[in-house]
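Visitor: below: sequence and its predicted model.
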Protein chains: 2
Amino acid sequence: MAIQATIIADPVPISSSSRISIRGGEQCFGSFVLKTRPRHLRLSNGGRVRARASLNADLKAVGIPHQWYNLVADLSVKPPPPLHPKTFEPVKPEDLSPLFPDELIKQEASTEKFIDIPEEVLDIYSLWRPTPLIRAKRLEKLLNTPARIYYKYEGVSPAGSHKPNTAVPQAFYNAQQGIKNVVTETGAGQWGCSLAFACSLFGLDCEVWQVRASYDQKPYRRLMMETWGAKVHPSPSSITETGRKILQMDPSSPGSLGIAISEAVEVAAANADTKYCLGSVLNHVLLHQTVIGEECIKQMEAIGETPDVIIGCTGGGSNFAGLSFPFIREKLNGKINPVIKAVEPAACPSLTKGVYAYDYGDTAGMTPLMKMHTLGHDFIPDPIHSGGLRYHGMAPLISHVYELGFMEAMAIPQIECFQGAIQFARSEGLIPAPEPTHAIAATIREALHCKETGEAKVILMAMCGHGHFDLKSYEKFLQGEMVDLSFDEERIRASLAKVPQVTRI
Amino acid sequence: MAIQATIIADPVPISSSSRISIRGGEQCFGSFVLKTRPRHLRLSNGGRVRARASLNADLKAVGIPHQWYNLVADLSVKPPPPLHPKTFEPVKPEDLSPLFPDELIKQEASTEKFIDIPEEVLDIYSLWRPTPLIRAKRLEKLLNTPARIYYKYEGVSPAGSHKPNTAVPQAFYNAQQGIKNVVTETGAGQWGCSLAFACSLFGLDCEVWQVRASYDQKPYRRLMMETWGAKVHPSPSSITETGRKILQMDPSSPGSLGIAISEAVEVAAANADTKYCLGSVLNHVLLHQTVIGEECIKQMEAIGETPDVIIGCTGGGSNFAGLSFPFIREKLNGKINPVIKAVEPAACPSLTKGVYAYDYGDTAGMTPLMKMHTLGHDFIPDPIHSGGLRYHGMAPLISHVYELGFMEAMAIPQIECFQGAIQFARSEGLIPAPEPTHAIAATIREALHCKETGEAKVILMAMCGHGHFDLKSYEKFLQGEMVDLSFDEERIRASLAKVPQVTRI
């Protein structure tokens, strides 16, 4: 199986510290420093209307949005382009075609403001969309806060998270182009499940490389993928060159997301009828997720509420972007003026402690260079329970928006997150996945702050998935065995030293 | 801990074959025969209107019903009363008060047609209700049937099934009466989870006796209960006299639902501030579940459809009653005329192979005698994967309605059920719990029959819960290791011989 994708051939050595020059209006990075606080713009409060909230039938009558929203169109400063890992030139569409169908490549680089959601995708969205916007009245009461807390709940999807919002269109565009087989990687399995689900509805074959540690220890999401007909390989596998190489060095390798990505990408690149799907980070993934925010804007309007604070957790960033980007548009238009907060784990704080620089999306350095907040592509975060937030980087578009000052970021350790999750589960009834517990913990902080100040702020929170397959984490917490993993600045300094240094001419 | 409940003191010996006389218009049962087919009435087709179906926003706008429906009010022949296990007199409210709060005892015997749902309950229902009514378009296409298939999906509740529909009001009425602690039994954990969820929202303590085999082998639902703050005991436990007695005889007893019921009932009877909750069978449980059917009637009206066939699975019967009873009212009123089908496992066929007789609700013979279709109170069904359908009896009200000819029943073996479940999961995207796979298999049979006859029937199916915690069963099926457990007529004959024989004077 020869690797045909140019973008993964001969990447620049990942330990290189040479300065690389690109054209365009980018800042010079001579050396990296740990990120402190960026500046934050707050726009003036435009024609905001606030009415007393009451959830009612109107909310249920809000339909599914018919278009995705592309924030790039509304940004006066466009985000820097991804770079080819060999030539360091901006990536061209043909570089990506071994991996993605044409429509998704077009969306990846689109500057159109709205993109129509295909009928076939809307039809499947209607299985679980519109997702509920729920007022957390019992949590408010428990916290004794004057704040009004709302959460947008994506756990009602068949796979239990927001991920099918992009898995379905990705499967659709692949099927439309006559692709028979798609491949992807997955850690704990949220993304693999979502793609397996989407592929089963479009009659596509789906192969998933699952990090072996999860494959062996967390059988439930694997069984879910198999029930939907997907083929799941433990990674490293002997199916690929990458996998065989790793297994040769270490026959009992537990695998990593980086290795699993390499395996899936290798198979897609080597087979003309096979493409690769990614669950976060890329522009088109974030685009598909905006269905959450578009829907939520209509739902909040229907109940006469306007958010003062919008909070979501960030791993790769797709859930956060999905809820917040449409609200950022409203903010840019001066209609509303919420504070928008990304919450990341203290053990993997790419936005709050990383640098904004060109770096690889994967550990092995085979993907294009993307300008993003990164802890270094070979930074391996501690094994916290929020597997979905253990990514060294951040979606380039979120990173860009963060630099522009349209949002804030904070990091929270996992014990505080699980404390919040228990309060949430026992008052609101839903058991959150470990990832959204970060949004919950930040929401509780904000609500308690409102209690002190007496402000009746409206807090809107992204509750991106349920924790049905994460109950072992809850057990650990309830038994007092969970620990906060301290953030090791030295380790990050070491990993940042290996980020390629790119300066403009 | 002295047992105070008169209804569990000195029950009639369970091996008794003496004839017991009661007043009232009941048939004489001199001896029992295995059940064949009852007569089935089909009412004339009243002013039915059928329009081409299109799911639309109207459906989403349907609100939550504000009243439960009590089918008893509309039956010209009332169901026979439960009998005291000691006196064989109809049970009096005061007999039940050690176990249930007054409001539920009132509902148990009510002949009111509609009962208002309290605001506090509606408020919590709104977390997941109205539940989706979904047209199974992709399943229809897969089966190439002219039938239109709809399913009412209750798996969106926080506990993942229809059970919270009754757990919430049961917790509410207990809290309202000042009760501090409720107890119950659970097998795999669906019911225990639902009650734990409901109790956490009302600040009630909740103790669950879980059959030890499930407690040890299926930790996920136990962890879910603990996350909601419930205390879960493996049953048999050393906490109760019943448990200690069993453990004395067999220290490694795997437990049974019958034992777990006895333990929970014993604790409730012995403590004035503690009541017992049951997840199915009783009239008030079925009443609470009618929120499903009431909602569904409005949803079907909104899309201009009228069901020709209504299909649900039956264990204790609450899911089935919940969907079908309001439709039976419409049928009695001559408005519609659907065939209504209960589907049970071939390994536990109480409606299709049992007798209609007074029998105990539990294995030990401690509960009141209820007239119901039963396989004998000491019949222990094979360990099929649909744990929720492994009950020797049937809700007395369903049994009565079945005898009146308003519904039909059928039994399906588990391999056919899982075949249907895989077809459903891979076309509709939702992975069903093992229980509703029975409804799915029956629906597929019906849809394939329509394909033969060319009839475009409207089939409405109860999809009562998701299978997130049952994926091991799917694994077994996918690996070809599932077997159909044959129904042993001899074993049932033996167990029926121990059903107390009750004749009228």
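Guide: Okay, I see it.

Visitor: show the backbone phi and psi for residue A:461.
Guide: When quoted as degrees, to the nearest 10, the phi and psi of residue A:461 stand at phi -120, psi 140.

Visitor: ok, now residue A:93?
Guide: Main-chain dihedrals, residue A:93, degrees, to the nearest 10: phi -50, psi -40.

Visitor: likewise for the one 10 residues further on?
Guide: Note on residue A:103: its backbone torsions stand at phi -60, psi -40 [degrees, to the nearest 10].

Visitor: pull the contacting residues for it.
Guide: By CB atoms under 8 Å, 6 or more residues apart in numbering or on different chains, the contact set of residue A:103 is A:173, A:176-177. (Glycine included, C-beta is placed from N, CA and C.)

Visitor: next one: residue A:77
Guide: Listed by CB under 8 Å, 6+ apart, the contact partners of residue A:77 are A:400, A:404.

Visitor: how near is the residue in chain A sticking out farthest from the centre to residue B:217?
Guide: Within chain A, the residue lying farthest from the chain centre (CA atoms, centre = their mean) is residue A:454, at 33.6 Å. Counting by CB to CB, to the nearest Å, the gap from residue A:454 to residue B:217 is 52 Å.

Visitor: which stretches of the stretch 201-350 of chain A form strands?
Guide: With DSSP state E, counting those that start in this stretch as the definition, the stretch 201-350 of chain A shows strands at residue ranges A:205-211, A:231-235, A:274-276, A:309-313, A:339-345.

Visitor: turn those into TSV, columns for distance to residue B:446.
Guide: TSV is the format used below for the strands of the stretch 201-350 of chain A (distance: least, CB to CB, whole Å):
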stretch	distance to residue B:446
strand A:205-211	31
strand A:231-235	33
strand A:274-276	39
strand A:309-313	44
strand A:339-345	49
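
Visitor: which of the ones you listed is buried the deepest?
Guide: Sort the strands of the stretch 201-350 of chain A by mean neighbour count, taking mean count of other CB atoms under 10 Å in any protein chain shown, and strand A:309-313 sits at the top with a mean of 29.

Visitor: contacts for that strand?
Guide: Residues outside strand A:309-313 that contact it (CB under 8 Å, 6+ apart) are A:319-320, A:323-324, A:327, A:338-344, A:386, A:389, A:435-439, A:442-443, A:446, A:457-462, A:464.

Visitor: which parts of the stretch 351-500 of chain A are helices?
Guide: Under the criterion DSSP state H, counting those that start in this stretch, the stretch 351-500 of chain A contains helices at A:396-404, A:414-428, A:437-453, A:471-478, A:489-496.

Visitor: correction: the stretch 151-300 of chain A
Guide: In the stretch 151-300 of chain A, the helices defined using DSSP H, counting those that start in this stretch lie at A:164-176, A:190-202, A:212-217, A:219-227, A:241-249, A:257-270, A:283-302.

Visitor: mean pLDDT for those: which is lowest?
Guide: Among the helices of the stretch 151-300 of chain A, helix A:212-217 carries the lowest mean pLDDT, at a mean of 84.

Visitor: any chance you could map the helices in the stretch 1-150 of chain A?
Guide: In the stretch 1-150 of chain A, the segments counted as helices under DSSP H, counting those that start in this stretch are A:57-61, A:93-96, A:102-108, A:119-125, A:137-143.

Visitor: nearest to residue A:163, of the ones you listed?
Guide: Among the helices of the stretch 1-150 of chain A, the nearest to residue A:163 by CB to CB is helix A:119-125 (13.0 Å).

Visitor: measure residue A:354 to residue A:291 for me?
Guide: As judged by CB to CB, residue A:354 and residue A:291 stand 28 Å apart.

Visitor: now swap in residue A:168 and tell me
Guide: According to CB to CB, residue A:168 stands 10 Å off from residue A:291.

Visitor: overlap in contacts of those two?
Guide: Common contacts of residue A:168 and residue A:291, defined by CB under 8 Å, 6+ apart, comprise residue A:125.

Visitor: kindly reformat the helices of the stretch 351-500 of chain A as CSV containing mean neighbour count and mean pLDDT.
Guide: Below are the helices of the stretch 351-500 of chain A laid out as CSV (neighbours: other CB atoms under 10 Å in any protein chain shown; pLDDT from 0 to 100):
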stretch, mean neighbour count, mean pLDDT
helix A:396-404, 23, 97
helix A:414-428, 22, 97
helix A:437-453, 22, 98
helix A:471-478, 19, 94
helix A:489-496, 15, 84
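
Visitor: now these in a markdown table, please, with extra columns for distance to chain B.
Guide: Below are those laid out as a markdown table (distance: least, CB to the nearest CB, whole Å):
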| stretch | distance to chain B |
| --- | --- |
| helix A:396-404 | 29 |
| helix A:414-428 | 4 |
| helix A:437-453 | 12 |
| helix A:471-478 | 4 |
| helix A:489-496 | 33 |
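
Visitor: please identify the deepest-packed of the helices of the stretch 151-300 of chain A.
Guide: Mean neighbour count (mean count of other CB under 10 Å) peaks for helix A:190-202 among the helices of the stretch 151-300 of chain A, with a mean of 29.

Visitor: and for residue A:303, the neighbour number?
Guide: Residues near residue A:303, counting by other CB atoms under 10 Å in any protein chain shown, number 18.

Visitor: any idea how far chain B is from it?
Guide: Using CB to the nearest CB, to the nearest Å, residue A:303 is found at 13 Å from chain B.

Visitor: okay, that residue: pLDDT?
Guide: Note on residue A:303: pLDDT of 94.

Visitor: what of residue A:502?
Guide: The per-residue pLDDT reported for residue A:502 equals 79.

Visitor: which parts of the stretch 251-400 of chain A sit against chain B?
Guide: The stretch 251-400 of chain A comes close to chain B at no residue, as judged by CB under 8 Å from any CB of the partner chain.

Visitor: low-confidence ranges in the stretch 251-400 of chain A?
Guide: Along the stretch 251-400 of chain A, no part satisfies pLDDT under 70.

Visitor: how does chain A divide up, domain by domain?
Guide: Listed by automatic domain parsing, the domain ranges of chain A are A:4-56, A:67-73+A:90-115+A:162-283, A:133-160+A:289-464+A:471-479+A:491-496.

Visitor: in a markdown table, list these along with distance to residue B:305.
Guide: A markdown table is the format used below for these (distance: least, CB to CB, whole Å):
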| stretch | distance to residue B:305 |
| --- | --- |
| domain A:4-56 | 25 |
| domain A:67-73+A:90-115+A:162-283 | 23 |
| domain A:133-160+A:289-464+A:471-479+A:491-496 | 23 |
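
Visitor: among those, which is nearest residue B:126?
Guide: Residue B:126 lies closest to domain A:4-56 among those, at 6.9 Å (CB to CB).

Visitor: ok, the closest residue to residue A:188 other than its chain neighbours - contacts?
Guide: Using CB to CB, 6 or more residues apart in numbering or on different chains and skipping the chain neighbours, the partner closest in space to residue A:188 is residue A:387 (4.1 Å). Applying CB under 8 Å, 6+ apart, we find residue A:387 in contact with A:187-188, A:190, A:214, A:434-435.

Visitor: swap in residue A:113?
Guide: By CB under 8 Å, 6+ apart, the residues touching residue A:113 are A:69-70, A:73-74.

Visitor: try it again with 6 Å
Guide: Shown in contact with residue A:113 (CB atoms under 6 Å, 6 or more residues apart in numbering or on different chains): A:70, A:73.

Visitor: same deal with residue A:222?
Guide: By CB under 6 Å, 6+ apart, the contact set of residue A:222 is residue A:232.

Visitor: separation between it and residue A:393?
Guide: 26 Å.

Visitor: picking up where we left off before, now the helices of the stretch 351-500 of chain A in CSV, with distance to residue B:86?
Guide: CSV is the format used below for these (distance: least, CB to CB, whole Å):
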stretch, distance to residue B:86
helix A:396-404, 70
helix A:414-428, 41
helix A:437-453, 52
helix A:471-478, 43
helix A:489-496, 72
